[in-house]
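Visitor: after the sequence you'll find the predicted model.
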Amino acid sequence: MNIIDWIVMLGTLLGIVAYGVWKTRNVSSVQSYLLGDRDLPWWTIGLSIMATQASAITFLSTPGQAYEDGMRFAQFYFGLPVAMVILAIFVIPIYYRLKVYTAYEYLEGRFDLRTRTLTAILFLLQRGLAAGITIYAPAIILSSILGWGLNITIFFIGLVVIFYTVMGGTRAVSVTQKQQMIVILGGMFIAAIILVYKLPANVSFGDAVGLAGKLGKLKVVDFSFDLNNRYTFWSGMLGGVFLFLSYFGTDQSQVQRYLSGKSLTESRLGLLFNGLLKVPMQFLVLFVGILVFVFFQFNTRPVHFNNANVAKLIGTPLEADYREYEEAYNLVQEEERALAEQIIAANRIGDEAALEAARAASIEVTAKAKNIRQSVEELILQQDPNSKTKDTDYVFISFVTTFLPVGLIGLLLAVIFSAAMSSTSSELNALATTTVIDIYRRSLVKNKSDRHYLQASKLFTILWGVVALLFAVVADLFENLIQAVNIIGSLFYGAILGVFLVAFFMKKIGGRAVFWGAILGEIVVVTIFLLDYYEHVNIAYLWLNLIGCALVMLFSWILETIRPQGAAAV
């Protein structure tokens, strides 16, 4: 990287961190540390909520997802606006009325202490794992791009986040996230403009969109009802709604963001702002991936995007085979380029026969290119059986570092680092808050001074940061990073949401029934996931949110119904 890129990247990151620490230098009570001063306006809340969800994985993995699979992933977010409206109407007023620090405090009053503790532990489990992935995922890619060691990159991200989160608590998280979100959105918008600018002179933006559409990359909505299909309209509107209800309504990393609002109205507006802006933002990120796909129809791309894997072949007996595949792949790309030009030309004049012929030929050439890529992956595995050959997470960053001008490379890398830090900081803050409020202060160390719990909050922030760093160090790369986070969430969110829905709407259910209902529901969800993992059943992970939620409600109702008359409800 050029020295200018280093200055831009580090200057942006350190400037945001310094601003956050300075703005929160006077935090001195546990309430200010964990909830801020409840004075945040709706736009700060909305941007903070978006930044919490939009981790670095979003900006590394999502363009690669679109590059490979088109716009289908957008359906994952179709249920988000619906979930935001439901939460704004039914859930936020309850939290404000009870003046809670965490979402799980409400459950003790409605049920009992053990139900509160169980849901808090489920949250800590899934969010603690997710925090490790949100550090590890960008680190493994950025380390190969920057030439840093993987662990050095992990600790750079982690230690910076831990520093400003410990210093300023939730207010530091919210203040820095606003700046980070501005950098993130600006950087992705600039990337889209550069991609269009770098297309061949005879290829317009309309031509690029038309080419992507003819090659099947712009199909957004799939109305088929297939439980094994991860991204359909129904999985997004049913499984997705339940995932987002649980994530935004019961996950402390999100609840803590809007509990910091200056009023109920501000918090509601912040949540609705997120619901309105999040879907267009995801379309932008996915569309950047589509533009990268079109760009590489006219520009040479590597046969394998992960340079670290390719480096394993250099200087070995397998290098000669790799070079042959690389040469064959370059020839295939020339065919793709010629066919792309034919598709554009036929599309301009509306020649359907020529268009269909060119499209069919393009599909055949794409299959040939895929076979060559698979052969290279087999070489990599032959050299190192432990290599992870899925390389779509490297597509966007490969474009950034190879084709962007000096200065913009540093800005886009700052975008990725900012996203990593914004999501991780809110996770650590939420993990510390839940640990202190729901477990430490409530059950382990009672009746201490405010200063004691403030220091405990900072200590638990550090401890959870260490846990996340350790998990990141030993973690392994999933097939697709953004799916990994959502899969972990889907294992737990359904059960947590089920407990809250029983609390809100099934008033006759007691604590004992919902406690055991949640445990049974979680056991079934994990069992289904393992059966799917070992290919005994085929159920896409998004459905686990709906299944887990429904099972907890069903088991709770059954257990309450069969409870002997006159027995204690809890």
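Guide: The structure has been received and is ready for your questions. What you are looking at is a predicted structure, and each value in this text was computed from that prediction instead of being measured. Residues are numbered from 1 along each chain as shown.

Visitor: wait, what's in contact with F163?
Guide: Going by CB atoms under 8 Å, 6 or more residues apart in numbering, F163 touches 17, 21. Where C-beta positions appear, they are placed from N, C-alpha and C, glycine not excepted.

Visitor: what does the pLDDT read for it?
Guide: pLDDT for F163: 84.

Visitor: from the chain's centre, how far out does the helix or strand where it lies sit?
Guide: Using DSSP states H and E, F163 sits within helix 150-197. From the chain centre to the centre of helix 150-197 is a distance of 14 Å (CA atoms, centre = their mean, to the nearest Å).

Visitor: okay, buried residues for stretch 511-523 please.
Guide: By neighbour count on 16 or more other CB atoms under 10 Å, the buried set for stretch 511-523 is 511-518, 520-522.

Visitor: is it possible to export those residues to a markdown table including distance to P81, secondary structure and pLDDT?
Guide: Shown next, in a markdown table, are the buried residues of stretch 511-523 (distance: CB to CB, whole Å; DSSP: H, G, I helix; E, B strand; the rest coil; pLDDT from 0 to 100):
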| residue | distance to P81 | secondary structure | pLDDT |
| --- | --- | --- | --- |
| G511 | 33 | helix | 92 |
| R512 | 37 | helix | 92 |
| A513 | 33 | helix | 95 |
| V514 | 29 | helix | 95 |
| F515 | 33 | helix | 95 |
| W516 | 35 | helix | 96 |
| G517 | 30 | helix | 96 |
| A518 | 28 | helix | 95 |
| L520 | 32 | helix | 96 |
| G521 | 27 | helix | 95 |
| E522 | 28 | helix | 94 |
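
Visitor: adding distance to L146 as columns, could you present those residues in TSV?
Guide: Shown next, in TSV, are the buried residues of stretch 511-523 (distance: CB to CB, whole Å):
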residue	distance to L146
G511	51
R512	54
A513	53
V514	48
F515	48
W516	50
G517	48
A518	44
L520	47
G521	44
E522	40
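
Visitor: if we can go back for a sec, following element in sequence after the helix holding F163, please.
Guide: Next helix or strand after helix 150-197 toward the C-terminus (DSSP H and E): helix 205-214.

Visitor: quick one: that next one to helix 150-197, angle?
Guide: Interaxial angle of helix 205-214 relative to helix 150-197 (axes from the mean of the first three to the mean of the last three CA atoms, to 10 degrees): 120 degrees.

Visitor: report all helices and strands that the lowest-mean-pLDDT helix or strand in the chain contacts.
Guide: Within the chain, judged by mean pLDDT, DSSP states H and E, the helix or strand with the poorest mean is helix 30-35; its value is a mean of 71. If contacts are counted by 3 or more CB pairs under 8 Å, 6 or more residues apart in numbering; DSSP states H and E, helix 30-35 sits against helix 150-197, helix 408-434, helix 450-474.

Visitor: show residues contacting the last one.
Guide: For helix 450-474, the surrounding residues in contact (CB under 8 Å, 6+ apart) are 28-30, 33-34, 128-129, 131-136, 139, 151, 154-155, 158, 161-162, 165-166, 169, 424, 427-429, 431-433, 435-436, 440-441, 445.

Visitor: what is the mean pLDDT for the host helix or strand of L13?
Guide: Element membership of L13, judged by DSSP H and E, is helix 3-23. Helix 3-23 carries an average pLDDT of 82.

Visitor: and it, how far out from the chain's middle?
Guide: Between the centre of helix 3-23 and the centre of its chain there are 23 Å (CA atoms, centre = their mean).

Visitor: and it, what does it pack onto?
Guide: Looks like helix 3-23 contacts helix 150-197, helix 408-434 (3+ CB pairs under 8 Å, 6+ apart).

Visitor: hmm, 10 Å instead?
Guide: Helix 3-23 is packed against helix 113-146, helix 150-197, helix 408-434, with contacts defined by 3 or more CB pairs under 10 Å, 6 or more residues apart in numbering; DSSP states H and E.

Visitor: which one of those lies closest to A346?
Guide: With CB to CB as the criterion, A346 lies closest to helix 150-197 of the helices and strands packed on helix 3-23, at 21.7 Å.

Visitor: in PyMOL, select just the buried ones from the contacts of helix 450-474.
Guide: Selecting the buried subset of the contacts of helix 450-474 in PyMOL, with 16+ other CB under 10 Å as the burial test, is done by:
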select buried, resi 30+33+34+128+129+131+132+133+134+135+136+139+154+155+158+161+162+165+166+169+424+427+428+429+431+432+433+435+436+440+441
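
Visitor: need the helices and strands packed on helix 30-35 in TSV with distance to I488, can you?
Guide: What follows is those, written out as TSV (distance: least, CB to CB, whole Å):
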stretch	distance to I488
helix 150-197	18
helix 408-434	12
helix 450-474	11
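
Visitor: looking at the ones you listed, which is buried most?
Guide: Ranked by mean neighbour count under mean count of other CB atoms under 10 Å, those are led by helix 408-434, which reaches a mean of 27.

Visitor: okay, angle between that helix and helix 113-146 too, please.
Guide: With the same axes, to 10 degrees defining the directions, helix 408-434 sits at 160 degrees from helix 113-146.

Visitor: just want the angle from helix 408-434 to helix 3-23.
Guide: Using the same axes, to 10 degrees: helix 408-434 against helix 3-23 is 30 degrees.

Visitor: quick one: low-confidence parts of the stretch 101-250 of the chain?
Guide: 141, 144, 169-175, 177, 180 (pLDDT under 70).

Visitor: run the last query once more with 90
Guide: Counting by pLDDT under 90, the stretch 101-250 of the chain has low-confidence residues at 101-106, 109-110, 122-123, 125-192, 216, 219-250.

Visitor: in JSON lines: the helices and strands packed on helix 3-23, plus distance to E266.
Guide: Formatted as JSON lines, the helices and strands packed on helix 3-23 follow (distance: least, CB to CB, whole Å):
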{"stretch": "helix 113-146", "distance to E266": "25"}
{"stretch": "helix 150-197", "distance to E266": "12"}
{"stretch": "helix 408-434", "distance to E266": "18"}
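
Visitor: nearest to Y534, of these?
Guide: From the helices and strands packed on helix 3-23, taking CB to CB, the stretch that ends up closest is helix 113-146, at 20.4 Å.

Visitor: Y33 and G168 touch, don't they?
Guide: Yes - using CB atoms under 10 Å as the test, Y33 is close enough to G168 to be in contact (8.0 Å).

Visitor: OK, contacts around L544?
Guide: Applying CB atoms under 10 Å, 6 or more residues apart in numbering, we find L544 in contact with 239, 242-243, 487, 489-495, 524-526, 528-529, 532.

Visitor: please repeat the previous calculation with a cut-off of 8 Å.
Guide: Taking CB under 8 Å, 6+ apart, we find L544 in contact with 239, 490-491, 494, 525, 528-529.

Visitor: what angle separates the helix or strand hosting E334 from helix 205-214?
Guide: Using DSSP H and E, E334 maps to helix 319-349. Helix 319-349 runs at 110 degrees relative to helix 205-214, counting by the same axes, to 10 degrees.

Visitor: which elements pack onto helix 319-349?
Guide: helix 205-214, helix 264-298, helix 352-383.

Visitor: can you pull the contacts of V502?
Guide: Taking CB under 8 Å, 6+ apart as the test, what V502 contacts is 509, 514, 517, 552-553, 556.

Visitor: before I go, just wanted to say thanks for your time.
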